[in-house]
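>>> what would the 3D arrangement of this be:
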Amino acid sequence: MIYKENGEWNFCDYKVKYKDVGQELEKYALPSKQWWEKTINNHSHLELIEFIEFEPTQEQEGRLEKLNQLRIPEGFMSYCQNYIENGEFPEGISHVLRGLEIAEYEKEQGQELSEREIAEIEQGQEISEHEIRILELEGSLT
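Numbers count the residues shown, from 1 in each chain. Sure thing, here's the model as predicted:
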């Protein structure tokens, strides 16, 4: 899904669908589309089915951008790929993405707090509207 080039993480442009001894498989076309074409042509047990253009979601693009700001080394590709693909962080307290995990958690907590505060304000307005109606009714009875 991703590869590192010139210090930046990048998305793979294609997935390759192929058969290996009759079994259909699909992988990201890394290191390149040309490498896969050459490899499949050089091995009789492999058969190319198709190349599929990979289009990341907006969420995946945003996560890739965050990773590139952190300058994470290529040796942590599996952690980075899991995070980009589905937003998952590695298990455990200490890992290369820990700072990003904490920042996202704090942001999420802030948003939850804001949503709760908005709900409380809306509830308060509903109570005020009920109080006004009660006062109006009391005024019309006197």
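
>>> rest of the way, CA atoms for contacts and neighbours
Fine.

>>> from residue 56, how far out is residue 25?
20 Å (Cα to Cα, to the nearest Å).

>>> what ranges do the helices span in the chain?
33-42, 58-70, 77-86, 98-141 (DSSP state H).

>>> and for residue 45, the neighbour number?
Counted with other Cα atoms under 10 Å, the neighbours of residue 45 add up to 12.

>>> and residue 25 and residue 56? which has more neighbours close in?
Counted by other Cα under 10 Å, residue 25 and residue 56 do not tie: residue 56 has more neighbours, with 16 against 12.

>>> nearest residue to that one in space, please, no chain neighbours.
residue 11 (7.8 Å; Cα to Cα, 6 or more residues apart in numbering).

>>> same check on residue 60?
In space, residue 60 is closest to residue 84, 5.2 Å off (Cα to Cα, 6+ apart).

>>> from memory the one you found sits against residue 56, does it?
No. Contact between residue 84 and residue 56 fails when scored by Cα atoms under 8 Å: they sit 9.4 Å apart.

>>> now tell me which helix or strand of this structure has the poorest mean pLDDT.
helix 98-141 (a mean of 66; mean pLDDT, DSSP states H and E).

>>> need the contact list for residue 2.
9-12, 77, 81 (Cα atoms under 8 Å, 6 or more residues apart in numbering).

>>> residues in contact with the nearest residue to residue 37 once chain neighbours are set aside?
Nearest non-adjacent residue to residue 37, counting by Cα to Cα, 6+ apart: residue 48, 7.7 Å away. Counting by Cα under 8 Å, 6+ apart, residue 48 makes contact with 16-19, 37, 40.

>>> which of those residues lies closest to residue 90?
residue 16 (27.1 Å; Cα to Cα).

>>> what bridges to the closest one?
Listed beta-bridge partners, residue 16: residue 27, residue 51 (assigned using DSSP bridges).

>>> and the pLDDT at it?
The model reports residue 16 with a pLDDT of 96.

>>> quick check: it touching residue 52?
Yes. In this structure, residue 16 is within contact of residue 52 by Cα under 8 Å, at 6.2 Å.

>>> residue 10 touches residue 4, doesn't it?
Yes. Between residue 10 and residue 4 there is a contact under Cα under 8 Å: 6.0 Å.
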